[in-house]
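# Based on what follows, work out the 3D shape:
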Amino acid sequence: MPDQLNLDLGGPIDRMPAFGERLYFAAVPDPPKAEMIKQLGDRFVAANRLSGRVCDAERLHISLCGVAERRRLPKDLVDGARWAAEAISQAPFEIIFNSIMSFEDLARRTPMPPKHPLVLPTEHIGLSSLNAQLGLQLARRTRLRIAIGIRPHMTLLRSETFLAPQKIEPIHLIVRDFVLVRTWRKESFYQLEGRWPLHA
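Numbering: from 1, shown residues only. Coordinates of the predicted model:
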């Protein structure tokens, strides 16, 4: 069974989310690597005088598969996502971040200023395999229609400045497990609903 962790930063859930909840699968760096990546982001932000603040180290992640957005996530949907995760077969693998760049702010609502994601892009067949397997298993376990296909990256922050790709010193990260994350839209609530080790 999954290792269920309660890492919400605001203590016990004692109220309803104001703007709805999101549920998604992600790969996360181990704490030392996450802190190193955050410090790299802090230095880059300062050197380039960017607006915005780098994500806290414990929230840095690579999204693998979106599950659902709801006003309130039903228990059977979360349980179905956990069962889908149990069916995944994938050996651990190494990914490399060797550049930093901005993505377009596709959610921009004029006349508000843009908030371009500043990201570390990466590629690996292991990430694509996890995305495809999770999408397939979620369809079986929850009857949700999950879009297959991802553009793997780790978001550091959102800024009004758009930056072209720049090379960085390579960062090596071994993906040994993946997690199920519940967040509240437009709020700081963040909770891990499970963690599953990778195995062939």
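# ok, now which ones touch residue 111?
Under the criterion of C-beta atoms under 8 Å, 6 or more residues apart in numbering, residue 111 has no contact partners. Backbone N, C-alpha and C define where each C-beta goes, glycine included.
# before we move on, what about residue 45?
With contact taken as C-beta under 8 Å, 6+ apart, residue 45 is in contact with 52, 53, 54, 157, 159.
# Using ChimeraX, define a selection of the buried residues within those residues.
To isolate the buried ones among those in ChimeraX, judged by 16 or more other C-beta atoms under 10 Å, type:
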select :52,54,157,159
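# Just the closest of the contacts of residue 45 to residue 32, please.
If you rank these by distance to residue 32 using C-beta to C-beta, residue 54 comes first, at 16.4 Å.
# The closest one falls within a helix, correct?
No - counting by DSSP: H, G, I helix; E, B strand; the rest coil, residue 54 is not part of a helix but coil.
# residues contacting it?
By C-beta under 8 Å, 6+ apart, the contact set of residue 54 is 38, 41, 42, 45, 156, 157.
# Now flag whichever of those residues is closest to residue 142.
residue 156 (30.9 Å).
# is it true that the closest one touches residue 120?
Yes - at 6.8 Å, residue 156 and residue 120 qualify as touching, with contact defined as C-beta atoms under 8 Å.
# Identify the contacts common to those two.
37, 100.
# What confidence value was assigned to residue 94?
Residue 94 carries a pLDDT value of 97.
# That one is in contact with residue 176, isn't it?
No - the criterion here is C-beta under 8 Å, and residue 94 misses it with residue 176 at 10.0 Å.
# Those two: who's more crowded?
A direct count of neighbours by other C-beta atoms under 10 Å for residue 94 and residue 176 places residue 176 higher, at 14 against 11.
# From residue 142, how far out is that one?
When distance is defined by C-beta to C-beta, to the nearest Å, residue 176 is 26 Å away from residue 142.
# how about the residue lying closest to residue 182 once chain neighbours are set aside, secondary structure?
Spatial nearest neighbour of residue 182, excluding adjacent residues (C-beta to C-beta, 6 or more residues apart in numbering): residue 191 at 4.7 Å. Here residue 191 is recorded as strand under three-state DSSP.
# Show the pLDDT at residue 191.
pLDDT, residue 191: 88.
# do the same with residue 186
65.
# same deal with residue 109?
On pLDDT, residue 109 comes in at 63.
# and if you look at residue 151?
pLDDT at residue 151 comes out at 93.
# all strands in the protein, in order from the N-terminus.
Secondary structure of the chain (DSSP state E): strands located at 21-27, 62-70, 93-102, 116-121, 153-159, 166-175, 177-184, 190-197.
# would you turn the ones you listed into a markdown table with distance to residue 131?
Shown next, in a markdown table, are the strands of the chain (distance: least, C-beta to C-beta, whole Å):
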| stretch | distance to residue 131 |
| --- | --- |
| strand 21-27 | 8 |
| strand 62-70 | 5 |
| strand 93-102 | 13 |
| strand 116-121 | 15 |
| strand 153-159 | 13 |
| strand 166-175 | 12 |
| strand 177-184 | 10 |
| strand 190-197 | 15 |
